[in-house]
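> Okay, structure incoming, though there's no sequence with it:
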């Protein structure tokens, strides 16, 4: 199963097309395959087979596991998926590749979890019968390859081998030989013929070469579909391969580009400041000379017509098997000419902005550090405060603010710099240099500087003379502000709901269609277990859709004051078991600690919704084991849902119960979803006279708590 050098060069370019320019691609060699092993490039340089985990059900997945067990190149680990703990088994296996049987009802969710938590693991979706719908859903969830059961053993093993190329370091010298063969044809014909099997080697070699040629053609098609330019460069600077986008961006035909050499001094390159860029200092020669990847270099290229196009360029060296010599250089680039033009327009307008700033009739100031130190001030602000410009610059704006009005000012300002809001306005009192107190209206908005940190621009109006009259109109003004805020909120909510319904509901809908179409088209070909698996998949995706719709309806009703609440005594023990079943969890997967007589006063639908959303949050962001605890506090009852995951980053805790909020940093990664789950929990708890909050679990994990009146 060795590969020719032409195929290896193509695979290097395809890796570039996926954005993974930092990976040095190594392809398994023929002698390594004969031993049934691939060579790791890790620090201990160990040899081991490809470690494959098969997450299977009772049908096609079980049959696939038996097939793979016969391959000496593969170390097979068979995991039967039967509940929330299965992901932990897969994670503990430390697999190179995970094959997920789409006959499992929870297959799409498992693929999404694997892609979210184990980004370095390759995922293959396996189908008993061909289904474009299921394939689309699997790829959308995070799978890299979809394979049907009818593929041959050779095709299946080749697919696993291609995904695991980064484990092998024994065939890199093939790419080096291709890179140094500058006198040969470097075009697509070289890719087509390089590495062709010896006709005397027998029919098996020819068959394997046929499979490899088909894979090569697929990678070539993928490369041609990219908008980014991708070229592969030999150590002598000759361009070996180039996709159509590379030729288009460079203003050349593909043949002209393949005839070029990046070390040719006649190839004019320009630095960002407009000066000529010497050949040996450019990113591509520098990467070849130092062996260090060059990323994000902005590179001006003068084309044949005389126009200059600006490129953002990455150049990554590819080494031979023992990392002793450069094999080739993989280069990707995108055209950023229009982006640079827009940035230049902003820079040219800066002087005009400063002139307007200085001549404004109202006070103006600009700040951009977290403490709010004044960097720019205009004469109107100096007159308003009684300080000179020299005295104001370097002063924190809270030093001008009356102590009773400091309150939320600094927090609002920092939210602005973080990007949590675009502007804010408030009225407060300033203390002038002479000790006098004035009322001011401050409007602060963020201005994004193209070459620096966000800048907060404050406009300060003296409203002291009008303050008394304004207090008379306070009620009308407050009512108007509320109406405007409601309109803005309704508009934001409308946009967010449209976004959720168009994006978050697509994947489960596609899953339902895929499983249903599979049953319709192949009912007689499927065995009973496979039919049940498809029905289970439809049920799980339908429940996911129902949960999304329930959250949207509940939140919209709560926001609009239309939430119906029918209070009655609610026994908690049976309700908790029903909530666990609603989320598709095995009863044994969630421990319940609840006295049989425990009850609250609430709406049974809303209490079950609260518990279900807390469980869904634990499933999405946490890790098993999960538990539900009920504690009688006299007049109140507290319900706690615990998990053993990474918990919630402290900085994000204040925003947990806000609408459309999701963690983006820290130990918890961003996940798909509406962002309404915990906001709905808080709204429903309030509607029944209760409250919701978060506390860290001990020794690890998260704990979401709800307090409701005792029944």
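On my side now, so go ahead. All figures in this text were calculated on a predicted structure; none of them were measured in a lab.

> Show me which residues of the helix ranked longest in the chain are buried.
Counting residues, the longest helix found in the chain (DSSP state H) is helix 528-559. For helix 528-559, a neighbour-count test (16 or more other Cβ atoms under 10 Å) marks 530-534, 536-538, 540-541, 544-545, 547-548, 550-552, 554-556, 558-559 as buried. Where you see a C-beta, it was placed from the backbone N, CA and C, and this is true even at glycine.

> next one: stretch 586-595
For stretch 586-595, burial by neighbour count (16+ other Cβ under 10 Å) applies to 589, 590, 594.

> Show me how this structure divides into domains.
The record assigns the chain these domain ranges, following automatic domain parsing: 5-215, 225-336, 342-472, 568-709.

> Residue 488: which of the ones you listed is closest?
The minimum distance between residue 488 and these falls on domain 342-472, with 11.7 Å, by Cβ to Cβ.

> Could you give the average pLDDT over that closest one?
For domain 342-472, the mean pLDDT works out to 87.

> Stretch 64-82 too?
Stretch 64-82 carries an average pLDDT of 75.

> and if you look at stretch 692-699?
What stretch 692-699 shows for mean pLDDT is 92.

> how about that stretch: buried residues?
Using 16+ other Cβ under 10 Å as the test for burial, stretch 692-699 gives 692, 694, 697.

> Next step: those residues restricted to strands.
692, 694 (DSSP state E).

> Same list, the buried residues of stretch 692-699, but as CSV with distance to residue 241 please.
Listed next are the buried residues of stretch 692-699 as CSV, based on distance: Cβ to Cβ, whole Å:
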residue, distance to residue 241
692, 57
694, 53
697, 53
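
> just the buried residues of stretch 692-699 now: which is nearest residue 374?
residue 694 (37.3 Å).

> Who are the packing partners of the host helix or strand of residue 364?
When elements are assigned from DSSP states H and E, residue 364 belongs to strand 363-367. For strand 363-367, the packing partners by 3 or more Cβ pairs under 8 Å, 6 or more residues apart in numbering; DSSP states H and E come out as strand 376-377, helix 379-385, strand 455-462.

> so which of these gets nearest residue 123?
So among the helices and strands packed on strand 363-367, strand 455-462 is nearest, using Cβ to Cβ, at 43.4 Å.

> Tell me the strands beside the closest one, with direction?
Sheet pairing here is set by DSSP bridges, and for strand 455-462 it gives strand 363-367 (antiparallel), strand 437-447 (antiparallel).

> Can you flag the weakest of the domains of the chain by average pLDDT?
Taking the mean pLDDT of the domains of the chain, domain 5-215 comes last: a mean of 61.

> Out of the buried residues of stretch 586-595, the closest to residue 163 would be?
Lowest distance from residue 163 to these (Cβ to Cβ) belongs to residue 589, with 31.2 Å.

> Spell out the secondary structure type for residue 264.
Under DSSP: H, G, I helix; E, B strand; the rest coil, residue 264 falls in the coil class.

> burial of it, as a residue count?
For residue 264, the neighbour count with other Cβ atoms under 10 Å is 10.

> Hmm, residue 237 and it touching each other?
Yes. At 7.4 Å, residue 264 counts as touching residue 237 under the criterion of Cβ atoms under 8 Å.

> Now do the longest helix of the chain, average pLDDT.
78.

> counting contacts, what elements does that helix pack onto?
helix 107-117, helix 474-503, helix 506-522, helix 604-621, helix 677-687.

> Put together TSV for these, with mean neighbour count and distance to residue 389 on each row.
Converted to TSV, the helices and strands packed on helix 528-559 look like this (neighbours: other Cβ atoms under 10 Å; distance: least, Cβ to Cβ, whole Å):
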stretch	mean neighbour count	distance to residue 389
helix 107-117	22	52
helix 474-503	11	34
helix 506-522	19	56
helix 604-621	23	50
helix 677-687	22	46
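
> so what's the residue located most distally from the centre of the chain up against?
Of all residues in the chain, residue 434 has its C-alpha farthest from the mean position, at 54.0 Å, by Cα atoms, centre = their mean. Contact partners of residue 434, counting by Cβ atoms under 8 Å, 6 or more residues apart in numbering, are residue 386.

> Wasn't it part of a helix?
No. Under the criterion used here (three-state DSSP), residue 434 is coil, not part of a helix.

> Can you report phi and psi for it?
phi -80, psi 10 (degrees, to the nearest 10).

> quick one: it and residue 383, what's the gap?
The gap separating residue 434 from residue 383 is 13 Å, by Cβ to Cβ, to the nearest Å.

> Over to residue 604?
Separation of residue 604 from residue 383 (Cβ to Cβ): 65 Å.

> and if you look at residue 433?
Applying Cβ to Cβ to residue 433 and residue 383 gives a distance of 11 Å.

> Equivalent analysis for residue 437, please.
Noted for residue 437: a distance of 16 Å to residue 383, by Cβ to Cβ.

> Please apply the same query to residue 365.
Residue 365 is 13 Å from residue 383, by Cβ to Cβ.

> Report how many residues lie close to residue 100.
29.

> Give the partner strands of the helix or strand hosting it in its sheet and their orientations.
Using DSSP H and E, the element containing residue 100 is strand 97-101. If you go by DSSP bridges, strand 97-101 pairs up with strand 50-56 (parallel), strand 122-127 (parallel).
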